[in-house]
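K.L.:
Give me the fold of what follows.
(2 chains)
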Amino acid sequence: MVVKDIPAVVLENVVRRFSDRPALDDISLTLARGEIVGLIGRSGAGKSTLIRCLNGLDRPQGGRVLIDGTDISGLSEQALNPVRRRIGMIFQHFNLLSAKTVAENVALPLKIAGIDKPARMKRVMELLDLVGLADKAGAYPAQLSGGQKQRIGIARALAPEPLLLLSDEATSALDPETTQAILTLLKDVNRQLGLTILMITHEMEVVRQIAHRVLVLDAGKIVEEGPVAKVLASPQTDTTRSLLRGLSPVLPADLAAMIAPVGDQALIRVDVYGPDARRPLLAEIEAITGSPARLLHGGLNDVQGEPYGRLFLALGTADKDRIAAVVARLKPETTAIEVLGYVPATV
Amino acid sequence: MSPQLFDTLLGWAMTRPMFDLLVKGMWETVVMTGVSGALSFVIGLPLALILVTTDRGGIFQNLYVNRSLGWLVNALRSVPFIILLVAAIPLTRLIVGSAIGIAAAIVPLTLAAAPYFARVAEVSLREVDRALIDAARAMGATRMTILRDVLIPEALPGIVSGFTVTMVTLIGASAMAGAVGAGGLGDIAIRYGYQRFETAIMVAVVVILIVMVSIMQWAGDALARRIDHR
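P.N.:
Numbers count the residues shown, from 1 in each chain, chains lettered A, B, ... in the order given. Next comes the predicted model:
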């Protein structure tokens, strides 16, 4: 992996206003070489505008955009073209040319880069091999499935050996199984080619599986950022929490209805992340309270090998001091801990 | 088939001079529509490309050019063909040297068909998904590459269909050009069928026109289907 000091992308105070509202409001960020960054947000948060500013499809009104150290903010369309040839882009609806064969589609960026035909065809076959569709070289995009089309989109984006790959909701039109395969492919090219990838998505699941770092965008501002496991384990903003809904466990309704201000056993919610998530928490609690703690709901998940999760535990006691002791003991090892109330021992 | 047998068969339908007249008329119609069709394509397609790409948000945005050209195309298209036939006579004389005959008819036919085809092709070009143009821009494509590799190939099936419609319209219009002495099937229909009440000739002309239009339409549809990979 080639790692240079110059980041692949730097945004400094980027502002993009549309007539009615700001789409990007003072955005600053850095993408280091070789990292996969997830950019997540609801529709209308400004994700697409941001990604389009990186290759000059959209022009910010303020701030600077540096690609591999080159400021592209003031460049003319013509001057932008050499920079664009180093940035691959894949799209939600693939955007393959229907009148060209698969091979011709993949060859187009090479043709644009002025590579001669024999070299072009050789590289196209390598790329089709890489994405596992060498047998489809002569087919037209309309004859392919969605997942195959996106593979061709990826092959096309990788053709000119870019330093940066932009993915604009690349898996949003695909079924879960195909999404999985496409994400695996992207992870592989990131590892093999040291390619920097910026993934735009509204699905936290995509970020969880592939990104090293996540940026949460809301109303044109980055409201949260950090390592994926950390953000998933303890989201700091409502935007992130709502994007996480469905991904982090919530108490089942019947259990939630049983929570009362008094009762037999305290119910606590514990958010864990990293190596601490694998500590023998239940045994540690039992050592403090003297009675067995029970896992009522929740569990661990993983973000690229990093465990994180949310646990709902019944402590086996309602004694205030013991509960306080448990909270004090676990606090340094968890990202969040909260006493939710009390439940009957029969739960 | 021996010439004798042919004459016998023909004799049941019409006289030999009549047959020769129709063959000549058909040939003249084919030449008139063929040449003016080809000219309309060569003039109309660039017109359509300019109309699309110079419009707001186009890759060669230039509203001054766009509006001026749009106005010119509209103006030409507003003139009824029969008026255009007469109004174009000075221009025809300038280009062809005569205002009568097949060559002379090609000028007003092209003047009518080129802007018509430009508008039809424009519709197909506008239907090309903007996202495809963005994808090409993102690859660092020059504007000429976008024209050559994206805009034209993606719109081609529609352009071919539009050209077929233009050719069919031209076959009809060329018959009208017969009214001002251009020759061709229209001329025969008017002089023999209409002015001399020779119904057989009139019917023959109409049948030949129907066959010509059908062949044109069939060939156009087949070609459009062949190149359409959507």
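
K.L.:
pretty sure B:A121 contacts B:A155?
P.N.:
Yes. With contact defined as Cβ atoms under 8 Å, B:A121 counts as touching B:A155 (7.4 Å). All C-beta atoms are positioned from the backbone trio N, CA, C, and that covers glycine.

K.L.:
The residue nearest to A:L130 when sequence neighbours are not counted: how many residues sit nearby?
P.N.:
Nearest in space to A:L130, with sequence neighbours left out and distances taken as Cβ to Cβ, 6 or more residues apart in numbering or on different chains, is A:A155 at 6.7 Å. A count of nearby residues for A:A155, using other Cβ atoms under 10 Å in any protein chain shown, gives 28.

K.L.:
before we move on, what about A:P261?
P.N.:
By other Cβ under 10 Å, neighbour count at A:P261 equals 6.

K.L.:
tell me which element A:L11 falls in.
P.N.:
A:L11 belongs to strand A:9-17 when assigned by DSSP states H and E.

K.L.:
Could you pull up the mean pLDDT of the longest helix that chain B contains?
P.N.:
Ranked by residue count, the top helix of chain B under DSSP state H comes out as helix B:16-53. Helix B:16-53 comes out with an average pLDDT of 94.

K.L.:
Quick check: residues of chain B near chain A?
P.N.:
Within chain B, the residues that sit near chain A (Cβ under 8 Å from any Cβ of the partner chain) are B:129, B:131-132, B:134-142, B:145, B:149-150, B:153-154, B:156, B:227, B:229-230.

K.L.:
separation between B:T142 and B:A48?
P.N.:
Relative to B:A48, B:T142 is positioned 20 Å away (Cβ to Cβ, to the nearest Å).

K.L.:
Pretty sure A:A293 sits against A:G316.
P.N.:
Yes. With contact defined as Cβ under 8 Å, A:A293 reaches A:G316; the gap is 5.4 Å.

K.L.:
Could you name every residue contacting both of the two?
P.N.:
Jointly contacting A:A293 and A:G316 under the rule Cβ atoms under 8 Å, 6 or more residues apart in numbering or on different chains are A:285-286.

K.L.:
the more surrounded of these two?
P.N.:
Between A:A293 and A:G316, counted using other Cβ under 10 Å, the more crowded position is A:A293 (24 against 20).

K.L.:
Check the burial of the closest residue in space to that one that isn't next to it in sequence by counting its neighbours.
P.N.:
Spatial nearest neighbour of A:A293, excluding adjacent residues (Cβ to Cβ, 6+ apart): A:I285 at 4.0 Å. Neighbourhood size, A:I285 [other Cβ under 10 Å]: 26.

K.L.:
Okay, now stretch A:79-91: how far is its last residue from its first?
P.N.:
Terminal residues of stretch A:79-91 are spaced 24 Å apart (Cα to Cα, to the nearest Å).

K.L.:
Could you confirm whether that stretch reaches chain B?
P.N.:
Yes. Against chain B, stretch A:79-91 shows contacts by Cβ under 8 Å from any Cβ at A:80-85, A:87, A:89, A:91.

K.L.:
Find the residue closest to whichever residue of the stretch 101-250 of chain A sits closest to chain B in space, skipping its chain neighbours.
P.N.:
Nearest to chain B in the stretch 101-250 of chain A, going by Cβ to the nearest Cβ, is A:Y140, at a distance of 4.0 Å. Using Cβ to Cβ, 6+ apart and skipping residues adjacent in sequence, the residue nearest A:Y140 is B:H229, 4.0 Å away.

K.L.:
Having no further points to raise, I will conclude here.
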